[in-house]
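> build the 3D model from these lines:
(2 chains)
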Amino acid sequence: MKLSVAISALALLAAAPAGIAATVPEGTKLAANQSYTFWLLDAIKSMDPQINTDVEGSDILRNLFEGLYNEGPKGELVPGVATGFDLSDDKTVYTFHLRPEAKWSDGKPVTAQDFVYAWRRLADPKTASEYAWYMELMQVKNAAAITAGEKPVEELGVKAVDDHTLEVTIETPLPYFPQMLVHGSTFPVREDVIAKYGQDWTKPGNLVGNGAYVLSQHLLGERIEMDKAPTYWDAEHTVMTHLTALTINDKNAALTRYLAGELDRVEIPAGQYPRLKKEYPDQAISSPYSCSYTYLVNLSDKGPEALKDVRVRKALSYAINRDVIVDNVLQGGQKPAYNWTHWATAGFKMPDIDYAHWTQKERTEKAKELLAEAGYGPDHPLKLTLNYNTSDDHKKIAIAVQQFWKPLGVALTLNNMEWKVHTDKMQNQDFDLARYAWCGDYNEASTYLDFFTSYSGHNNGKFLNADYDRILKESKTAADPQPLYTEAEQILADQMPLLPIYHYAKVDMVKADIKGLPTENVMQTWYGKDLYRVAK
Amino acid sequence: MIVYILKRLAIAIPTLLLLIVLSFLLMHAAPGGPFTQERGLPPEVLANLNAKYGLDQPLWRQITSYVWGIVSAFDFGPSFVYKDRSVNDIIAQGFPVTLTYGFLSFLVAVLVGVTLGAIAAVRHNTVIDYFAVGLSIGAQVLPNFVMAPILVLVFTLALHWLPGGGWRFNDPHFWVMPVIALSTSYMASIARIMRSSMLEVLTSNHIRTARAKGLSGLRIVLRHALKPALLPVISYLGPAFVAMITGSVIVDIYFSTGGIGKAFVDSALNRDYAVMMGITILVGALTILFNLVVDIIYGWIDPKIRY
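Purely as a prediction, here's the structure:
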């Protein structure tokens, strides 16, 4: 017997129509002009769902395409092309029911075969997608073997039962599987369109999508224009008729253009939030954003001997005055971090980390003690190097940390390098300490915690801990993984393979008449179809 | 003359080849590659990418097939980073933008610079001279990354006359600030070169003769002094012209024009080998071409030079 999931076990599926498209409160007077202009830091690298790798690219994709599920204003799952799913008793076979009224922008119906094609395409070695690993992360059956070229792409665990029923088989139960379906790389694409235009299929005029908007113009590095798609199944509730994305590479220039009225939303450059909040209290907004900023410790054989001593790692972490970094350097509502997983991650219970409750004076005292025990101090300084990629903010934080460590007898050399060089060195364990930040792929703690497993491809500091691996493996099948996550965080705090620094906030200026942006969603996922502009 | 031009063009081919090979090797020597990213890719994914873009081939084969692509089909390959686009697409979109604002900047810089320099020299050590010299030094020391935000503050935020950035071919409002920001320092250099060369020419024998004949001051300057005084300016203009029409990363960043100045710098930072090679070749070829043009103009202006 199959378990019917009317209300998901995760209680993530919001009850039907609420949360779909723009929910305009009754009596709201809408503005005549329903267009929204937002900011992009960089040119969009690709508009192909299976090729895109950027957060910004995803912002565009979510408007041009639609996956099985979308995110609601609080990050909860709301139906997209899928109306619901059944889950097998062993929790490895998902059967999704697709809405028959879903249409592509050329009027053809969206079918299960379109999803099968897209998912196979993502895993296919011929596509050479940089996000092919996402299929593996989703545990879709045979994904890893297919990407490695060991199995034909037809053996991927995804199948069209009929035009509107999609069956997905995963290797092991994955409690957060439905949540991973909001990711752009799982969006459907049209085989006939890609066959016809090849690499040019994402150009305006060629691109056929199933989202609420169609692409009308794309000038690389300048602008992207999108118009409301009359074919979208919920076009009736889509209020915003036009979206424009402007690429502005300089954050201050972007802010100036916002103030000149050319944009509806921009990011506030570091340090300017307090001033703008005072001047524009209804426009400056800070809300939690699922990314975590840290200094990684190199624990591999190539790393310095001193850092293999946990007392040294703890001392370094304790001595960082995170309040100064957050309140004096960043000043945008970021939170000091004493752990790895972003504090606002759904369902995550913050572990009781001892040094989080101490005063900075206590921490610094303890740090001196530990470092002295390990044999270092002002008379016998510990020499370390911190690698960071070029950026004013990274530099400011690094200088602050250098100062925090000086009284302990740590002589920190700052080593600033270009991004690709930094990444290359980090991935080859050619560093002592390295600046790093991780952003959640989905709203669940495992997106952070998987990072430090011995089998993760991202564990650049080579932290190896059998208990940690075991807990994370166990969490995949546990009915409630949250206590295990808390336990894993506790190991990180005890072993300190990273020096957590702060949890991100999204610090933006948003025009007061724009409504429907999800300020309570830690993933900051937004959809043009949810937005509307009120009359002034 | 024709023989000379053909000779120069013949030399251009090995020069360009050398440029291609050197930039190719230097680029590959830089740490990291186009697919180096924050989230280290699983080996099988990286292998697929390298195979697709030919990066698994030995370097000599990559170079030869790259050059063959250009020679046989004028195909500069696909971008490694902007994966929906070919290098030809990227240049076709960005180059017309930089060409437009670059060419306009060139006109402004030459017209204003030459006039200012000439007037300063003719009215040597007068208030006009001091003003012109002061203006050009001011323009020279004010870098465009300082001037660009100031222009936006004044013309966009305070006066609301001009858009703060972006690019439209059909609306000159979008051209004004990029042209001012790009042309100013070139204009200052041209003015200074023009002034000193004009001063030198004005003290030469043939000008003294002209004065002795009783020619009017204006006629002496326009007819006898201007042409020889322009020579040093022209040798400066060749490379300056190429630099201007291939855009400026500062202008592209501050005014979000979508030009190739920014694309060039990005391609180096992103290790987008194909785009970087494409723009390098474009700039290289234009530089060779305009150096030749300068030499031809030299021969035309200076009767002492014959090819």
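> which residues touch the nearest residue to residue A:79 once chain neighbours are set aside?
Residue nearest to residue A:79 in three dimensions, not counting chain neighbours: residue A:69, with 6.4 Å by CB to CB, 6 or more residues apart in numbering or on different chains. To be clear about C-beta, it is placed using only N, CA and C from the backbone, and glycine gets the same treatment. The contact partners of residue A:69, by CB atoms under 8 Å, 6 or more residues apart in numbering or on different chains, come to A:77, A:78, A:79, A:80, A:82, A:178, A:179, A:181, A:182.
> tell me the one of these nearest residue A:188?
residue A:80 (10.1 Å; CB to CB).
> what's the local residue count around that closest one?
The number of residues packed near residue A:80 is 26, by other CB atoms under 10 Å in any protein chain shown.
> so residue 56 is in which element?
No chain in the question, so chain A it is. In this structure, residue A:56 sits in helix A:55-64 according to DSSP states H and E.
> partner strands of the following helix or strand past that helix and their direction?
Next helix or strand after helix A:55-64 toward the C-terminus (DSSP H and E): strand A:69-71. In the sheet, strand A:69-71 lines up against strand A:77-79 (antiparallel) (DSSP bridges).
> so what's residue B:4 closest to, chain neighbours aside?
The nearest residue in space to residue B:4 (CB to CB, 6+ apart) is residue B:307, at 3.9 Å.
> same question for residue A:376.
Spatial nearest neighbour of residue A:376, excluding adjacent residues (CB to CB, 6+ apart): residue A:382 at 4.2 Å.
> list the contacts for that neighbour?
A:306, A:312, A:371, A:376, A:408, A:409, A:410, A:411.
> is there proximity between stretch B:269-289 and chain A?
Yes. Counting by CB under 8 Å from any CB of the partner chain, chain A is contacted by stretch B:269-289 at B:269, B:270, B:271.
> tally of neighbours for residue B:248?
So residue B:248, with other CB under 10 Å, has 25 neighbours.
> quick revisit: the contacts of residue A:382: which two are farthest apart?
So, the contacts of residue A:382 by CB to CB: farthest apart are A:312 and A:411, at 13.5 Å.
> so which of these two has more stuff around it?
Between residue A:312 and residue A:411, residue A:312 has the larger neighbour count (other CB under 10 Å), namely 25 against 13.
> can you pull the contacts of the more buried one?
A:306, A:370, A:371, A:374, A:376, A:382.
> just the element for it, please.
helix A:310-318.
> buried stuff in that helix?
Of all the residues in helix A:310-318, those buried under the rule 16 or more other CB atoms under 10 Å in any protein chain shown are A:311, A:312, A:313, A:314, A:315, A:316, A:317, A:318.
> quick check: which element contains the residue nearest the centre of chain B?
Centroid check for chain B by CA atoms, centre = their mean gives residue B:243 as the closest residue, at 1.1 Å. Element membership for residue B:243, per DSSP H and E: helix B:226-245.
> neighbouring contacts of whichever helix or strand comes after that helix?
Using DSSP H and E, the next helix or strand after helix B:226-245 towards the C-terminus is helix B:249-255. Contacts to helix B:249-255, defined as CB under 8 Å, 6+ apart, come from residues A:221, A:249-250, A:253, B:98, B:101, B:144-145, B:148-149, B:152, B:164-167, B:177-178, B:181-182, B:257-265.
> next one: stretch B:71-78
In this structure, residues lying in contact with stretch B:71-78 by CB under 8 Å, 6+ apart are A:199, B:53, B:66, B:69-70, B:85-88, B:91, B:274, B:277-278, B:281.
> and the residue in the stretch 101-250 of chain B that chain A sits nearest to, helix, strand or coil?
The stretch 101-250 of chain B approaches chain A most closely through residue B:164 (4.0 Å), counting by CB to the nearest CB. When classified by DSSP: H, G, I helix; E, B strand; the rest coil, residue B:164 comes out as coil.
> so it touches residue A:254, yeah?
No. Using CB atoms under 8 Å, residue B:164 makes no contact with residue A:254, being 9.1 Å away.
> just to revisit the earlier point, just the contacts of stretch B:71-78: which are in helices?
Using DSSP state H, the members of the contacts of stretch B:71-78 that fall in helices are B:66, B:69, B:70, B:87, B:88, B:91, B:274, B:277, B:278, B:281.
> give me the pLDDT value at the first one.
Model confidence at residue B:66, given as pLDDT, is 90.
> wait, what's in contact with it?
Applying CB under 8 Å, 6+ apart, the residues contacting residue B:66 are B:20, B:24, B:77, B:277.
> tell me the secondary structure for residue A:489?
helix.
> kindly report the same for residue B:125.
coil.
> picking up where we left off before, got the buried residues for the helix holding residue A:56?
A:56, A:57, A:58, A:59, A:60, A:61, A:62, A:63, A:64.
> those residues: which two are farthest apart?
A:56 and A:64 (13.4 Å).
> contacts made by the helix or strand bottoming out on mean pLDDT in chain B with the rest, please.
Lowest by mean pLDDT, DSSP states H and E among the helices and strands of chain B is helix B:217-219, with a mean of 83. Helix B:217-219 has contacts (CB under 8 Å, 6+ apart) with residue B:122.
> before we move on, the earlier item: looking at the contacts of residue A:312, which are in helices?
Filtering the contacts of residue A:312 for helices - DSSP H - leaves A:370, A:371.
> with adjacent residues omitted, what lies nearest to residue A:396?
Per CB to CB, 6+ apart, closest to residue A:396 is residue A:329, 5.0 Å.
> any idea how far residue B:168 is from whichever residue of the stretch 201-307 of chain B sits closest to chain A?
Closest approach between the stretch 201-307 of chain B and chain A, counting by CB to the nearest CB: residue B:258, at 3.1 Å. For residue B:258, the distance to residue B:168 (CB to CB, to the nearest Å) stands at 11 Å.
> residues from the stretch 1-150 of chain A in reach of chain B?
A:42-43, A:45-48, A:51, A:53, A:125-130, A:132-133, A:136, A:144, A:147-149.
> of the residues you listed, buried ones?
Using 16+ other CB under 10 Å as the burial test, the residues of the stretch 1-150 of chain A next to chain B include A:43, A:45-48, A:51, A:53, A:125, A:127-130, A:132-133, A:136, A:144, A:147-148 as buried.
> just the ones of the residues you listed in helices?
Mapping those onto helices (DSSP H) picks out A:133, A:136, A:144, A:147.
> model confidence score at residue 240, please.
If you meant another chain, say so; for now it's chain A. Predicted confidence (pLDDT) for residue A:240: 96.
> I was after chain B.
93.
> count the residues that sit near it.
Look at residue B:240: counted by other CB under 10 Å, it has 19 neighbours.
> quick check: closest non-adjacent residue to it.
residue B:186 (5.6 Å).
> can you tell me the SS state at the closest residue to chain B within the stretch 401-536 of chain A?
Closest residue of the stretch 401-536 of chain A to chain B, CB to the nearest CB: residue A:420 (3.3 Å). What three-state DSSP gives for residue A:420 is helix.
> correct me, but it touches residue B:269?
Yes. Counting by CB under 8 Å, residue B:269 is a contact partner of residue A:420 at 6.9 Å.
> give me the more crowded residue out of these two.
For residue A:420 and residue B:269, the more surrounded residue by other CB under 10 Å is residue A:420, and the numbers stand at 20 against 15.
> now do the same contact list for the closest residue to that one other than its chain neighbours.
Nearest residue to residue A:420, sequence neighbours excluded (CB to CB, 6+ apart): residue B:32, at 3.3 Å. Contact analysis of residue B:32 by CB under 8 Å, 6+ apart lists A:420, A:421, A:423, A:424, B:271.
> between these, which sits nearest residue A:161?
residue A:423 (42.6 Å).
> next up, the contacts around that closest one.
Here residue A:423 is in contact with A:389, B:32, B:36, B:37, B:38 (criterion: CB under 8 Å, 6+ apart).
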